[in-house]
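Chemist: Got a predicted structure here, sequence first:
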Amino acid sequence: MTEQPSLHADQPLPAAAPPAEAPDHPWHRYVALGDSFTEGIGDPSPESPGGHRGWADRVAEELAAGHPDFAYANLAIRGRLLGQIVAEQLQPALDLKPDLVSICAGGNDVIRPGGDPDRLAERMDETVAALRGSGATVLLFTGPDIGNTPVLGSVRGRVAIYNENLRTVAARHDAVIADMWALRALADPRMWAPDRLHFSPLGHHTIAAMALEALGVPHHLEPLETKPLPAKTWRTARTEDLVWARQHLVPWVVRRVRGRSSGDGIAAKRPDAGPIFGEGTPPGSGEAAGPLGG
């Protein structure tokens, strides 16, 4: 049995190579809506539009393999609230006439003071109804279990309520649920980026595989094993927490106090539906890609 590579959370993962046989699926045009999670923040990739790859790009790579007519657009922008996503991305998505749409939204709302998971679900219900009314398959994401996450763990109950509401929305409109709450692998700290707010390349890879399985699509995103984390002393862990708070938490809080967003001035990285691999060779499929290229 071949041993799987051991990877650090910040280390880039190989780009997808087209499978020998095209995966069997009915979709030809995929549009992704959302915030930083769908934009791919935490998964840096200089070769990708916008400098980030992410789970949605990885899903599109798999769906495009062996399907030369497959097109993909990603309208997600970091920091966006649910209302902004609906106002800015819904109609452009419908105009692209997709047959598959993913939307993950509301997470930035839920973690804010006073975030109401019931009101958010009502808005999401209207949005999914509009997307399903176009005839597209809709893929929804529950939020991950953040119980062990510093600071954010305090809103775990609101995330759980919102997730249950999302499951109701999915059942009402025959949407597909990609259940991050049930994806226990995300409890591993290496699934998260250094800011502890976004997923690492390994996290995005793992979520992409789960999303494809939720859609019932065969794929080649194999699980990747990691070496056990070394034991930390209390002092080391405390020092890391203080560094994280100074470098990531404080700037995040300051932006919200000032009414600013990390997405201010940022445009969608793939505003038009087009080939995921462009005109050249798919990343990871030829000699040009290194062992960890992509």
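Modeler: Structure's in. What do you need?

Chemist: Poorly predicted segments of the stretch 151-294 of the chain, please.
Modeler: Applying pLDDT under 70 to the stretch 151-294 of the chain flags residues 151-152, 225-264, 278-294.

Chemist: The same query, at a cut-off of 50, please.
Modeler: Within the stretch 151-294 of the chain, the ranges that satisfy pLDDT under 50 run 248, 279-294.

Chemist: Please enumerate the helices of it.
Modeler: All helices of the stretch 151-294 of the chain, identified by DSSP state H, counting those that start in this stretch, fall at 156-173, 201-215, 234-244, 250-257.

Chemist: ok, now the stretch 1-150 of the chain?
Modeler: Under DSSP H, counting those that start in this stretch, the stretch 1-150 of the chain gives helices at 36-39, 54-64, 82-85, 91-95, 107-110, 117-133.

Chemist: Quick one: those as CSV, columns for mean pLDDT too.
Modeler: As requested, the helices of the stretch 1-150 of the chain are exported to CSV (pLDDT from 0 to 100):
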stretch, mean pLDDT
helix 36-39, 96
helix 54-64, 96
helix 82-85, 96
helix 91-95, 98
helix 107-110, 91
helix 117-133, 98
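
Chemist: Pipe the ones you listed into JSON lines and attach distance to S200 per row.
Modeler: For glycine as for every other residue, the C-beta is placed from the backbone atoms N, C-alpha and C. JSON lines is the format used below for the helices of the stretch 1-150 of the chain (distance: least, C-beta to C-beta, whole Å):
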{"stretch": "helix 36-39", "distance to S200": "12"}
{"stretch": "helix 54-64", "distance to S200": "11"}
{"stretch": "helix 82-85", "distance to S200": "23"}
{"stretch": "helix 91-95", "distance to S200": "27"}
{"stretch": "helix 107-110", "distance to S200": "17"}
{"stretch": "helix 117-133", "distance to S200": "26"}
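
Chemist: Any chance of JSON lines for those helices, columns distance to M180 and mean neighbour count?
Modeler: Listed next are the helices of the stretch 1-150 of the chain as JSON lines, based on distance: least, C-beta to C-beta, whole Å; neighbours: other C-beta atoms under 10 Å:
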{"stretch": "helix 36-39", "distance to M180": "9", "mean neighbour count": "27"}
{"stretch": "helix 54-64", "distance to M180": "10", "mean neighbour count": "28"}
{"stretch": "helix 82-85", "distance to M180": "17", "mean neighbour count": "20"}
{"stretch": "helix 91-95", "distance to M180": "21", "mean neighbour count": "15"}
{"stretch": "helix 107-110", "distance to M180": "10", "mean neighbour count": "23"}
{"stretch": "helix 117-133", "distance to M180": "15", "mean neighbour count": "18"}
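
Chemist: R196: which of those helices is closest?
Modeler: For those, the distance to R196 is smallest for helix 36-39, at 13.2 Å, taking C-beta to C-beta.

Chemist: how much space between the nearest residue to E126 once chain neighbours are set aside and I161?
Modeler: Nearest residue to E126, sequence neighbours excluded (C-beta to C-beta, 6 or more residues apart in numbering): V86, at 8.0 Å. Counting by C-beta to C-beta, to the nearest Å, the separation of V86 from I161 is 20 Å.
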